[in-house]
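Asker: quick one, fold the following:
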Amino acid sequence: MIPFFRKIRKSLSDDNRPLKPAWPADRYMRYAIGEIILVVIGILIALQINNWNEQRKEHIQEKIFLKRFEVELNTNVENILTAISLNKSRIHRAEFLLRTIDKPQLAVDSSGYFMKSIEHAGYTNIPIISDNAFEELKSSGNLSLISNEVLRAALQKYYSWTSSEGQYNFLQQDIQLNYSHLKQGIFTTSQVIDMGHYYTTKNYSAIEAKETYERMLNKPKFLEFIPYVIQNKLGAETSYDDIYNQAKALKILLKAELEKQNDD
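Answerer: As a prediction, the model looks like this:
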């Protein structure tokens, strides 16, 4: 490329028709100008090549992060769905406990469900949102690596959920601690130990359920606290539904962006 421009420069300096030199110094001046032009052209070409290489590297890095987001998002969606399912189950259990206050026979007829409801109604399961890829990108100051502005904004909103919900999540944990404290004395010692086997299903007799129900009625503060448990879990349901919908929308954006980049 440079030899080509040098030939053009020499041709112009040797050709007297466009500009006949008045004295030898003019000819040297034209050589100098030609050399300067060649240097400038060389610099511009080098800069263009360098910019192209940088853009290519950034494009590769962007694609790597998009794929990492996709993998993390799939795991996060599973965690969110698990939290939604467990939260619904605990709402049902707490509502069931409230119904037994006016209908004692429910506790006897569904002895196993009744016993487990006392144990699990106040539990909290906050979905774990993995944000390793996003935090790595943000801490390095390279969020602009995500060229799609709509996608970048969606990522920022989605990953801000954990921090924005921090205070609310603390409240959920506080509800669980209070619930655990208030239900003390409802179960016998052996029943408390049995409840430690979360995934083991034990059959409780109608007699055990009836005795446990009577102890529960003697815990008025526990009964008064159940509506607050339900209230808290209904709030959690709204929060979890929101982050789940964000995750679904983000998956669509990520898929579209990856397909677009694969086509480029």
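Asker: what's the neighbour count on H92?
Answerer: Counted with other Cβ atoms under 10 Å, the burial measure for H92 works out to 15 neighbours. Heads up, the C-betas are built off the backbone N, CA and C, glycines and all.
Asker: what strand or helix carries it?
Answerer: Assigning secondary structure by DSSP states H and E places H92 in helix 24-102.
Asker: remind me what that helix packs against, helices and strands.
Answerer: Contacting helix 24-102 under the criterion 3 or more Cβ pairs under 8 Å, 6 or more residues apart in numbering; DSSP states H and E are the following elements: helix 2-14, helix 105-109, helix 111-120, helix 132-139, helix 206-217, helix 220-263.
Asker: quick check: mean pLDDT across the last one?
Answerer: When you say that, I think you mean helix 220-263. The pLDDT scores in helix 220-263 average 92.
Asker: from now on call the first residue 36
Answerer: Taking 36 as the first residue, the last one we looked at is helix 255-298.
Asker: ranking the helices and strands packed on helix 59-137 by burial, who's on top?
Answerer: Highest mean neighbour count among the helices and strands packed on helix 59-137 (mean count of other Cβ atoms under 10 Å): helix 146-155, with a mean of 20.
Asker: could you list the low-confidence segments of this protein?
Answerer: Within the chain, the ranges that satisfy pLDDT under 70 run 36-63, 65-66, 69, 90, 199-203, 233-235, 299.
Asker: let me see the contact set for the most centrally placed residue in it.
Answerer: If you average the C-alpha coordinates of the chain and look for the closest C-alpha using Cα atoms, centre = their mean, you land on Y194, 4.4 Å from that point. Shown in contact with Y194 (Cβ atoms under 8 Å, 6 or more residues apart in numbering): 164, 166, 169-170.
Asker: between the residues you listed, which sits nearest A244?
Answerer: Nearest to A244, judged by Cβ to Cβ, of the contacts of Y194 is I164 at 38.5 Å.
Asker: sec struct for that closest one, please.
Answerer: The three-state assignment at I164 reads coil, by DSSP: H, G, I helix; E, B strand; the rest coil.
Asker: mind listing what the closest residue to L178 other than its chain neighbours touches?
Answerer: If you skip the residues right next to it in sequence, L178 has L172 as its closest partner in space, 5.8 Å away by Cβ to Cβ, 6 or more residues apart in numbering. By Cβ under 8 Å, 6+ apart, L172 lies in contact with 100, 178, 180-181.
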